[in-house]
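In: Structure of the sequence below:
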Amino acid sequence: MQLQGEVQELAIEEWLATQFPLDTIDEVKKGARGADCIQIVNTRSRQNCGKIYYESKRTKDFHTSWIEKFKADMRERDADIGVLVTEVMPAGLDRMGMMEGVWVCTFEEFKGLSAVLRESIIKLSLAMATQENKGDKMGMLYDFLTSTTFRMQIEAIVEGFSQMKSDLESEKRSMQRIWKQRERQIEKVITNTIDMYGSIKGIAGNAIQSVKALELGEGADDFDED
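Out: Numbering: from 1, shown residues only. The predicted model follows:
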């Protein structure tokens, strides 16, 4: 179980590093207090637009105590958003959603969610840069990211992402079924043709010209039966 958890942690870090090369992905070393990695969001024109904190859980049960510990770690690391990637969702949360100020999602949902959260942090950073000295920026960020409106926007986008993936998998399965059906039809035609050829040749003998492809097939079948 620990090994599986470490594999998912590495998969999260590698996916973030590949998808967002401008960002800094800092791994939290084993044994150190905190989650698994921190994503510091950067753009070509702005550095450190915000921080997204990720923790991976692969256990048979979801423990609500994780949330409070995770939030404490977020405050210690000065993170703007926390994302808990879990294999088992908490009771009352069948799919991605927010739980006491922390985003909870599966590994597949994390891929779409991370992209949307990053883009939101960049936009908020730019907006707050134009509102210097006009309010508490951290308060504005937290209020927006924990609002129902933002949650619904995120869910709608990730739902579209998940639906596209589901449609693609469905198309793959459909094509595989079609290919299998065609294979069975071709095999049936070949088998019936060989049987018919064998029957005719058995009656007419050498009067029927040999068809090498069919005889090879017949010979191969006889060999298999032996």
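
In: what's the distance between the longest helix along the chain and the middle of its chain?
Out: With secondary structure taken from DSSP state H, the chain has its longest helix at helix 148-204. Distance of helix 148-204 from the chain centroid (CA atoms, centre = their mean, to the nearest Å) equals 23 Å.

In: Would you tell me what helix or strand Ala11 is located in?
Out: helix 2-19 (DSSP states H and E).

In: Okay, buried residues for that helix please.
Out: Within helix 2-19, the residues scored as buried using 16 or more other CB atoms under 10 Å are 8-9, 12-13, 16. In this view, the C-beta of every residue, glycine as well, is placed from N, C-alpha and C.

In: which pair in the residues you listed spans the largest distance?
Out: Gln8 and Leu16 (12.7 Å; CB to CB).

In: okay, and the common contacts of these two?
Out: Common neighbours of Gln8 and Leu16, counting by CB atoms under 8 Å, 6 or more residues apart in numbering, are absent.

In: Distance-wise, check the residue nearest the centre of the chain relative to Phe161.
Out: Here the mean C-alpha position of the chain is nearest to the C-alpha of Glu108 (CA atoms, centre = their mean), at a distance of 2.9 Å. To Phe161, Glu108 is 9 Å away according to CB to CB, to the nearest Å.

In: show me what contacts Ser166?
Out: Ser166 touches nothing, counting by CB under 8 Å, 6+ apart.

In: Can you give me the pLDDT of it?
Out: If you check Ser166, the pLDDT there is 80.

In: So which residues make contact with the strand ranked longest in the chain?
Out: In the chain, taking DSSP state E as the definition, the longest strand is strand 50-57. With contacts defined as CB under 8 Å, 6+ apart, strand 50-57 is touched by 5, 8-9, 12, 16, 34-41, 66, 70, 73-74, 77-88, 110, 114, 117-118, 121-122, 124-125, 141.

In: Could you rerun that using 6 Å?
Out: Residues outside strand 50-57 that contact it (CB atoms under 6 Å, 6 or more residues apart in numbering) are 8-9, 12, 35-41, 70, 74, 79-86, 117, 121.

In: Next, the angle from whichever helix or strand comes after that strand to strand 50-57.
Out: For strand 50-57, the following helix or strand on the C-terminal side (DSSP H and E) is helix 65-77. Between helix 65-77 and strand 50-57, the angle comes out at 150 degrees (axes from the mean of the first three to the mean of the last three CA atoms, to 10 degrees).

In: That's all I had, so thanks and see you.
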